[in-house]
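Novice: give me coordinates for this.
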Amino acid sequence: MKSVYFLVILLVTITTGYSQTAKDYTQKGMEYYEKHEYMEALINLNKAVELDPNYFRAYYVRANIKDAFDDRHGAMKDYNISIEKNAKFADAFFSRGNVKMKLQDYYGAIDDYSMAIKINENYIEAYYNRGKAKQYLQAYEDAINDCSKIIQINAKSVDAYYMRGLLRINYGDFKNGCLDLSKAGELGDLKAYEAIKEKCNQKSGETEGSY
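Specialist: Next up, the predicted model:
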C-alpha cells in the first residue's frame with residue numbers, strides 16, 4: 001500500500017508541476033520580487049521562459065529585476081527579447097528607454113519613449129521622461145511640449161507643471177515659467193516655492209532695480 005501511496009503522490013506532484021504555465025511562473029516571480037525575494041523571483045522567471053520562450057512578459061519582469069541590480073547589459077538584453085516577442089508592448093520600450101537614460105544615451109532613450117507613446121498616446125510617464133531626456137539635450141521647446149501634453153492629459157500633474165516651469169525659465173519665457181511653478185506649488189509641491197524664491201523673485205528684483 002505504501003508504494004502505491006507514494007506513486008500517487010509522485011504523479012500528483014509531476015502533474016501539478018506540468019500544469020504551471022509561463023504566466024503562472026511569471027506571476028509568482030512578480031510576487032517574490034515584491035517581497036524582495038529576488039533569487040526565487042529569478043528562478044520562477046527562468047522557468048517561465050524555459051516553458052514558453054515566446055512569453056514576452058516574463059523577459060520584461062526579469063529585465064526589471066536585473067535593472068534594479070544595475071545589470072544594465074542583462075536588462076537591455078531581456079527588454080530587447082520582450083520587444084522582439086511583442087512589438088506592441090509599450091512598457092518594454094519605456095523601461096528600455098529608462099536604461100538608456102541611465103547610460104546617458106539620451107537620443108536612444110527619446111526614440112524608445114516615442115515608440116511607447118506611439119503605442120499608447122496617453123503614456124504620461126513616457127512623455128515626462130522624454131521631456132527629461134530633451135532637457136538634458138537642451139531641446140527646451142520640445143521638452144516644454146511634452147510637459148504640455150501631460151497637462152492636457154492630466155491637468156493636475158504637479159511634476160509636469162514644475163518641470164515646464166523650470167524649462168520655460170531656461171528657455172526665456174520667464175513669466176509663464178513662474179506661473180507654472182506657482183501652479184505646481186498650488187497643487188502641493190512645496191519645493192516649487194523654493195524655486196520661485198530663487199528664480200522668480202530674484203529676477204523681479206533685478207528688473208525693478210533696472211528702472
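Novice: please enumerate the strands of the chain.
Specialist: Taking DSSP state E, the chain contains no strands at all.
Novice: which regions of the protein sit below the pLDDT cut-off?
Specialist: Scanning the chain for pLDDT under 70 picks out the ranges 1-18, 203-211.
Novice: quick one: the helices in it?
Specialist: Residue ranges of the helices in the chain, as given by DSSP state H, are 2-19, 22-34, 38-51, 56-68, 72-85, 90-102, 106-119, 124-136, 140-153, 158-171, 174-186, 191-195, 202-209.
Novice: and those as JSON lines, adding mean neighbour count?
Specialist: Yep, even glycine has a C-beta here, placed from its N, CA and C like the rest. Output for these, formatted as JSON lines (neighbours: other Cβ atoms under 10 Å):
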{"stretch": "helix 2-19", "mean neighbour count": "9"}
{"stretch": "helix 22-34", "mean neighbour count": "18"}
{"stretch": "helix 38-51", "mean neighbour count": "18"}
{"stretch": "helix 56-68", "mean neighbour count": "22"}
{"stretch": "helix 72-85", "mean neighbour count": "19"}
{"stretch": "helix 90-102", "mean neighbour count": "22"}
{"stretch": "helix 106-119", "mean neighbour count": "20"}
{"stretch": "helix 124-136", "mean neighbour count": "22"}
{"stretch": "helix 140-153", "mean neighbour count": "19"}
{"stretch": "helix 158-171", "mean neighbour count": "22"}
{"stretch": "helix 174-186", "mean neighbour count": "19"}
{"stretch": "helix 191-195", "mean neighbour count": "16"}
{"stretch": "helix 202-209", "mean neighbour count": "10"}
